[in-house]
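1. After the sequence you'll find the predicted model.
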Amino acid sequence: MFGTEAIDLARIQFAFTISFHIIFPAITIGLASYLAVLEGMWLKTGTQVYRNLYHFWSKIFAVNFAMGVVSGLVMAYQFGTHWSGFSAFAGSVTGPLLTYEVLTAFFLEAGFLGVMLFGWNRVGRGLHFFSTCMVALGTLVSMFWILSSNSWMQTPQGHEVIDGIVVPVDWLAIVFNPSFPYRLAHMALASFLSTSLFVAASAAWLLLKKRDTPEVRKMLVMAVLMLMVTAPLQAFVGDMHGLNTLKHQPAKIAAIEGHWDNSHGEPTPLILFGVPDMQREETRFALEIPALGSLLLMHDIDKQVPALKDFPAADRPNSTVVFWSFRLMVGLGLAMILLGLSGVYLARKGRLFTSRRWLRLAVAMGPAGLIAILAGWFTTEVGRQPWVIYGLMRTEDAVSAHSAVHLSISLTAFVTVYFIVFGTGINYIFKLIKKGPEGDDSHAPSGGPGKPRTPSRPLSAIEESLDGTTH
Amino acid sequence: MGIDLSVIWAGIILFGLMMYVIMDGFDLGIGILFPWVEEKVDRDVMMNTVAPVWDGNETWLVLGGAGLFAAFPLAYAVLLEALSIPLVAMLIGLIFRGVAFEFRFKASDASRHWWDKAFVGGSVLATFSQGVALGGYIQGIAFDGVHFSGGSLDWLSPFPLFCGVALLFTYALLGSTWLIMKTEGILQARMFALTRPLTLWVLIMIAAVSLWTPLAHPAIAERWFTLPQLFWFLPVPVLVVLAGYALIRAVAFEYHAQPFLLVLALIFLGYSGFGISMWPDIIPGHVTIWEAASPPQSQGFALVGTLFILPIILVYTAWSYFVFKGKVRHTDGYH
């Protein structure tokens, strides 16, 4: 169909469903920690503003959490329906890790989420704060297991291959595989960054609409401070993650750099822009800075960066894609650092809440964190091709034997359903933000078992209708 | 060796799936019955009877999937690939059902009918696909020793499609008897009226599936009708007949709780019959649970967490049902 092969369609479907999914957990992780901070600050200072902000953001957290659960359901089955080769080969390692993720989510949902969303007027302050902290911790533990599984696929260790399947030998080595700490830190920071950009954009939008309240100002200041700290830290962690990749997946780095040839014996330049061409085995229209590649990656002007031609053509990732997805991520990261610094500068000058140009910029940067997350994941996932488990299993051996027609239909179905369902959900989140934080918390949801509202259903924490009115 | 991890895991997965069928069954049944109830107030009550619990019910399905992946990766790979189309359809149905549940209450009067339609459509699609997947599984999965060796549409044959229809009736019956237990007045009377024909249809379908299964699948027939399995299996049809009779009687006398409990008993019996027919195969006729097992290191590692969390989930589930016991009235504004 249209010259696309079944394996491409299966990969597109996986990329589509997981890209849609990751947006929700990323914001969930960040907002859960933000809520814990807000509640902690409220308990410590007794300032009303923190409590109002807590209620405002917990509504958005609830919708977002619900969307994450629904989109995650698909992921648990997709490995089997579309990647049966992979599942049979490596299920003994990734299956238990996924089970732990599911159990963590269960535990979180069953216990603390209900208290957090509905227990405000029903349990003591200490217990409520504890629940919020446990939810925040739970989202991080959930991420821990998923990233461990993904990292093991990138840098597998602690296993043997016996009779054609992976057999775990050392679970500690599997969980704490070489790329895991870097990937975990990078993704955790990315979640915090995306969330602070999202919060900053919401506050900036409300300010631009002349909704200047103490709550809006407070959340803008908190977001800008968070941005100022995490954006540069992320650049540092990202660099370490890159060096780790250089050590374990040199072909990925070569593709990211669009660097083809080391035969001249010169230090590697840094190609700023260009169009890597997989057929012609060169990067066309390259704009390069001599020797900077060696300096940045090897930290030594005399050492060369691995080149794509060092690897057989069949083992090269698609440089055209990862060259640009990587630059998109880094470019957005630099913009985030600048936004944070300029925000702090304006705040010191006392103009943060009134500079319309900066506020507009902050609104425009609202989705930047999520776009950077997607660009980063595309870089690392496309960059490990042609392997699904690095050095162990090729992607072409992982896919189920479905026909292209079958896959076209299921892909179309997923795209349609996701746009309808999650489009409505995202739209709803924007409606909630438009309303802005309210001055009193008389609407604090007070459901829970025995009450009209219940813990197991995050969306009932909110009273606003889909059309933006309150029942 | 002392502990057979594969048997424990098969038990956990079977238990998880049974919890799912029993608990999500009546949620889905309510969606199937929606078209027969027109009033918004009544529809609100119907949804409110399950609103507190449906989300937790669905999580058993995720646990079943993840557990199968961890403990029996070969079966996970082969079965999910073979049943890919019905399973994807089921997921899409569940997504629609789930969000319709939430958004319906938040929609304006003008747009609510869309979410009602999504709720009905999602429930019907999810139920039918589950039945088809189950039927496709009983019918057998082509397997060449390494991979699934059949086609994407192997499930598209009379027996699985019939199972899909049978499950629609079964879940509808679960839903109607659940509502008999949880509601009163006109809505309850409406449910009694629906339950009478549904009971007969479901009993007919149970009989049909029970006859069709051994006739079409000699391997299962052999298992049923040879000693000593016959002794294991014999109580099942006897109890089904008894429960069916008790159900007709309970509906005739208009008992409130008994019909639902008896339908649960019927489903439990059907499920046991299914388990006995398959045991110890996990890919019917080809692979046993021991052959499909992941290495003991994998099963053991995943078991530690599962045994820790599972009791907590069970206690929590029991607690939330306990808290929401009793009749639901339309004045109990849930939202």
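-> Ah, there it is. Numbering: from 1, shown residues only, chains lettered A, B, ... in the order given.

2. export stretch A:139-149 as CSV, just CAs?
-> Below are the C-alpha coordinates for stretch A:139-149, written out as CSV (Å, rounded to 0.1, in the frame of the first residue of the first chain):
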residue,chain,number,x,y,z
THR,A,139,4.5,8.6,39.3
LEU,A,140,8.3,8.6,39.6
VAL,A,141,8.5,4.9,40.4
SER,A,142,6.2,4.1,37.5
MET,A,143,8.7,6.0,35.2
PHE,A,144,11.5,4.1,36.9
TRP,A,145,10.3,0.7,35.6
ILE,A,146,9.3,1.8,32.2
LEU,A,147,12.7,3.6,31.6
SER,A,148,14.5,0.6,33.0
SER,A,149,12.8,-1.6,30.4
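
3. Is it in proximity to chain B?
-> No. Residues of stretch A:139-149 are not located near chain B by Cβ under 8 Å from any Cβ of the partner chain, the shortest gap being 9.7 Å. For glycine as for every other residue, the C-beta is placed from the backbone atoms N, C-alpha and C.

4. Work out the gap between that stretch and the centre of the chain.
-> Computed by Cα atoms, centre = their mean, to the nearest Å, the separation of stretch A:139-149 from the middle of its chain amounts to 12 Å.

5. Pull the residues that contact it.
-> Contacting residues not belonging to stretch A:139-149 are listed as A:25, A:28-29, A:32-33, A:93-94, A:97-98, A:100-101, A:104-105, A:108, A:174-177, A:180, A:183-184, A:187-188, A:191 [Cβ atoms under 8 Å, 6 or more residues apart in numbering or on different chains].

6. and these near chain B, which?
-> Restricting the contacts of stretch A:139-149 to those near chain B - Cβ under 8 Å from any Cβ - leaves A:93-94, A:98, A:100-101.

7. so which of those is the most crowded?
-> Neighbour counts for these (other Cβ atoms under 10 Å in any protein chain shown) peak at residue A:93, which has 31 neighbours.

8. which helices and strands does the lowest-mean-pLDDT helix or strand in chain A pack with?
-> When the helices and strands of chain A are scored by mean pLDDT, DSSP states H and E, helix A:112-118 comes last with a mean of 78. In terms of contacts (3 or more Cβ pairs under 8 Å, 6 or more residues apart in numbering or on different chains; DSSP states H and E), helix A:112-118 is packed against helix A:48-82, helix A:125-154.

9. The same query, at a cut-off of 10 Å, please.
-> Helices and strands touching helix A:112-118, by 3 or more Cβ pairs under 10 Å, 6 or more residues apart in numbering or on different chains; DSSP states H and E, are helix A:6-45, helix A:48-82, helix A:84-110, helix A:125-154.

10. Which secondary structure state does residue A:388 sit in?
-> Under DSSP: H, G, I helix; E, B strand; the rest coil, the three-state class of residue A:388 is strand.

11. roughly how far apart are it and residue A:20?
-> According to Cβ to Cβ, to the nearest Å, residue A:388 stands 20 Å off from residue A:20.

12. quick check: mean pLDDT across the longest helix along chain B?
-> In chain B, taking DSSP state H as the definition, the longest helix is helix B:185-216. The predicted model assigns helix B:185-216 a mean pLDDT of 89.

13. Between residue A:388 and residue A:20, which is the more surrounded one?
-> residue A:388 (22 against 19).

14. where in the chain is pLDDT low?
-> Defaulting to chain A. A:1-4, A:109-111, A:439-471 (pLDDT under 70).

15. that's the other chain; I wanted chain B
-> B:1-2, B:52-57, B:323-324, B:330-335.

16. all strands for it, in order.
-> For chain B, the strands defined by DSSP state E occupy B:281-283, B:287-288.

17. quick one, which of those is packed in tightest?
-> Ranked by mean neighbour count, the strands of chain B are led by strand B:281-283 with a mean of 22 (mean count of other Cβ atoms under 10 Å in any protein chain shown).

18. Adjacent strands (with direction) for that strand?
-> strand B:287-288 (antiparallel) (DSSP bridges).

19. quick one: buried residues of stretch A:302-309?
-> Using 16 or more other Cβ atoms under 10 Å in any protein chain shown as the burial criterion, the residues of stretch A:302-309 that qualify are A:304-309.

20. Mind listing residues that contact that stretch?
-> With contacts defined as Cβ atoms under 10 Å, 6 or more residues apart in numbering or on different chains, stretch A:302-309 is touched by A:246, A:249-270, A:276, A:278, A:281-283, A:291, A:293-298, A:310, A:315-317, A:319.

21. So which of the residues you listed sit within strands?
-> Using DSSP E, those in strands are A:270, A:276, A:282-283.

22. So which of these is the closest to residue B:69?
-> Ranked by distance to residue B:69 (Cβ to Cβ), these are led by residue A:276 at 36.7 Å.

23. need the contact list for that closest one.
-> Counting by Cβ under 10 Å, 6+ apart, residue A:276 touches A:255-260, A:282-284, A:286, A:308, A:318-324.

24. What subset of those residues is buried?
-> Using 16+ other Cβ under 10 Å, the buried ones in the contacts of residue A:276 are A:255-260, A:282-283, A:286, A:308, A:319-324.

25. residue of the stretch 251-400 of chain A with the smallest distance to chain B?
-> residue A:400 (4.4 Å; Cβ to the nearest Cβ).

26. Helix, strand or coil: sort out that residue for me.
-> coil.

27. Could you report the neighbour count for it?
-> By other Cβ under 10 Å, neighbour count at residue A:400 equals 27.

28. Same check on residue B:225?
-> Neighbours of residue B:225 (other Cβ under 10 Å): 11.

29. And residue A:123, by the same measure?
-> Based on other Cβ under 10 Å, the number of other residues close to residue A:123 is 16.

30. That one: what secondary structure?
-> Relying on three-state DSSP, one would call residue A:123 coil.

31. Hmm, it is touching residue A:132, no?
-> No. Using Cβ atoms under 10 Å, residue A:123 is not in contact with residue A:132, being 11.2 Å away.

32. Which residues are in contact with each of the two?
-> A:115-116.

33. So residue A:160 versus residue A:166, what's the distance?
-> 8 Å.

34. Neighbour count: these two, which is higher?
-> Neighbour totals were compared for residue A:160 and residue A:166, and residue A:166 leads with 26 against 11 (other Cβ under 10 Å).

35. Quickly find the element holding that one.
-> strand A:165-168 (DSSP states H and E).

36. Tell me how many other residues surround the closest residue to residue B:19 other than its chain neighbours.
-> Nearest residue to residue B:19, sequence neighbours excluded (Cβ to Cβ, 6 or more residues apart in numbering or on different chains): residue B:60, at 4.6 Å. Counted by other Cβ under 10 Å, the residues lying close to residue B:60 total 22.

37. check contacts around residue B:60.
-> Applying Cβ under 10 Å, 6+ apart, the residues near residue B:60 are A:106, B:15-24, B:313, B:317.

38. ok, now residue A:209?
-> Contacts of residue A:209 (Cβ under 10 Å, 6+ apart): A:216, A:434, A:436.

39. Just give me the closest of these to chain B.
-> Once Cβ to the nearest Cβ is applied, the member of the contacts of residue A:209 that ends up nearest chain B is residue A:434, at 15.1 Å.

40. from what I can see that closest one touches residue A:60, true?
-> No. The pair residue A:434 / residue A:60 is not scored as a contact, 11.3 Å apart, by Cβ under 10 Å.

41. which of the two has more neighbours?
-> A count of neighbours by other Cβ under 10 Å puts residue A:60 above the other of residue A:434 and residue A:60, at 21 against 14.

42. if I look at that one, how far off is residue A:195?
-> With Cβ to Cβ as the criterion, residue A:60 and residue A:195 are 10 Å apart.

43. Please apply the same query to residue A:156.
-> For residue A:156, the distance to residue A:195 - Cβ to Cβ - is 31 Å.

44. quick one on the thing from earlier: now the two most distant members of the ones in strands among the contacts of stretch A:302-309.
-> Top of the distance list for those (Cβ to Cβ): A:270 and A:282, 16.3 Å.

45. what helix or strand is residue A:324 on?
-> helix A:319-349.
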